[in-house]
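Engineer: sequence first, predicted model second:
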Amino acid sequence: MSRLPVCSGVEAVKAFRKIGYELDHQTGSHMILRHPSGRRLTVPNHAELAKGTLRALIREAGLTKEQFVALL
């Protein structure tokens, strides 16, 4: 099993955009992404995302860690 990479909120948004998510709006330090299917992700705009937060975002997007790493 691969380790989670250290990435920022902006880097995570770039990866999620590759699978169809688009920036809907930003409230404070949280970027809200929407998928055409209606799914929503809330990504904190931090320099370094906590591992648990990143893991939860990957799971909510329906990806595996390996798929996410390939998108980065």
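Structural biologist: Looks like it arrived, so ask away. Residues are numbered from 1 along each chain as shown.

Engineer: let's verify the one residue sitting closest to the centre of the chain: helix, strand, or coil?
Structural biologist: The residue lying closest to the centre of the chain (C-alpha atoms, centre = their mean) is Ala12, at 4.2 Å. With DSSP: H, G, I helix; E, B strand; the rest coil as the basis, the three-state label of Ala12 is helix.

Engineer: okay, it: pLDDT?
Structural biologist: Looking at Ala12, its pLDDT stands at 94.

Engineer: wait, it touches Glu60, no?
Structural biologist: No. Applying C-beta atoms under 8 Å as the test, Ala12 and Glu60 come out as separate, 11.6 Å apart. C-beta: built from backbone N, CA, C; applies to glycine.

Engineer: what's whichever helix or strand Ala70 is part of packed up against?
Structural biologist: Ala70 is located in helix 65-71, with elements delineated by DSSP states H and E. Helix 65-71 sits against helix 9-17, helix 51-60, with contacts defined as 3 or more C-beta pairs under 8 Å, 6 or more residues apart in numbering; DSSP states H and E.

Engineer: now the last one: buried residues?
Structural biologist: Judged by neighbour count using 16 or more other C-beta atoms under 10 Å, the buried positions of helix 51-60 are Leu54, Leu57, Ile58.

Engineer: just want the angle from that helix to helix 9-17.
Structural biologist: With axes from the mean of the first three to the mean of the last three C-alpha atoms, to 10 degrees as the basis, helix 51-60 and helix 9-17 are set at 10 degrees to each other.
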